[in-house]
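Engineer: Fold the following.
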Amino acid sequence: MNHSLPHAGAPHERDLPPYQVVLAETDWRSLQTAFGSGEDLPGVLARLLEPDAKVQVSALSELGELVGHQNTLYEATAPVAMYVAGILTHPAAMTLRPYRDVPIRATLLNWLAYTAYDASDEIVGRTEQYFPGFLTPGSIVAAFRDLRPMLYRAAVPFLRDSHEDVREAAVVAALVLAEHPVLAEHRDDLAVHARALLDAGGDDPNRRVARKALEAWGHDVPDSEPVQEGLWDRGPHSDGRGDLEAPF
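Structural biologist: Residues are numbered from 1 along each chain as shown. This is a model prediction of the structure:
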């Protein structure tokens, strides 16, 4: 779904506003979600700061349905993404998920990566084959893509995080967001992280993102076992929520 959003475009030079400002100054009631207006979003977003990982993961899953249902971007998706990016440094992002001993920050970064992938060059190019004009300036997708440099700057500090899962989530988010032309100068540095991700093996969808980024940026990629295609087409907004599905 591609609704007009003339007021949501954000110049890529702008810094990410504090999450408190995003929450307070966004007219959530006027923004469309998958199931109506965004009037309930402030309450859902506030739950991300609860010191309870179950509550946080539940809130992220709910956001996936509200602003990313069926891998679609809505009017409210952009400010929600800005809020999520803004709380990456919040103490609540260090809450550990039970049974996994992984900071919720990794899950927040994964959410950003999955959401950004829904506006990636691959997905947009595929969609425009069937819906010409999908990326018309001022559209929801175009406005979200304009935010990528801002979201990128929020994710890159965690490329060298002390926790492996956070580092990997940050790498994947940065690789997807770095498709924006103004971030081209960072791609050689990101390629080092992408190669490290490939060398470490691990989650196939993430390896696929790393491999595709390296190939798109003209880097040689060593042969390896085939990576299953289509896994990232099942983002956290479909039945395959992956890391966003609470394991409780």
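Engineer: can we go C-alpha only for contacts and neighbour counts from here?
Structural biologist: Noted.
Engineer: Could you list the low-confidence segments of the protein?
Structural biologist: When residues are selected by pLDDT under 70, those of the chain lie in 1-13, 202-203, 223-248.
Engineer: Count the residues that sit near residue 59.
Structural biologist: By other C-alpha atoms under 10 Å, 22 other residues sit near residue 59.
Engineer: swap in residue 88?
Structural biologist: 21.
Engineer: From the chain's centroid, how far away is the longest helix along the chain?
Structural biologist: Under DSSP state H, the helix in the chain containing the largest number of residues is helix 53-68. From the chain centre to the centre of helix 53-68 is a distance of 13 Å (C-alpha atoms, centre = their mean, to the nearest Å).
Engineer: Residues in contact with the helix or strand following that helix: which ones?
Structural biologist: Following helix 53-68 in sequence order, the next helix or strand is helix 77-86 (DSSP states H and E). Helix 77-86 is contacted by residues 8, 16-19, 22-23, 26, 33, 45, 67-68, 108-109, 112, 115, 143-144, 147, 151, 154-155 when judged by C-alpha atoms under 8 Å, 6 or more residues apart in numbering.
Engineer: returning to what we had before: which of the residues in the longest helix of the chain are buried?
Structural biologist: 53-54, 56-68 (16 or more other C-alpha atoms under 10 Å).
Engineer: Residue 127 in helix, strand or coil?
Structural biologist: Using DSSP: H, G, I helix; E, B strand; the rest coil, the three-state assignment for residue 127 comes out as helix.
Engineer: Look up how far residue 46 lies from it.
Structural biologist: Distance, residue 127 to residue 46, using C-alpha to C-alpha, to the nearest Å: 33 Å.
Engineer: Over to residue 220?
Structural biologist: From residue 220 across to residue 46, the span is 44 Å (C-alpha to C-alpha).
Engineer: Could you check which of the two is surrounded by more residues?
Structural biologist: Legend: neighbour count by other C-alpha under 10 Å for residue 220 and residue 46, higher for residue 46 (14 against 10).
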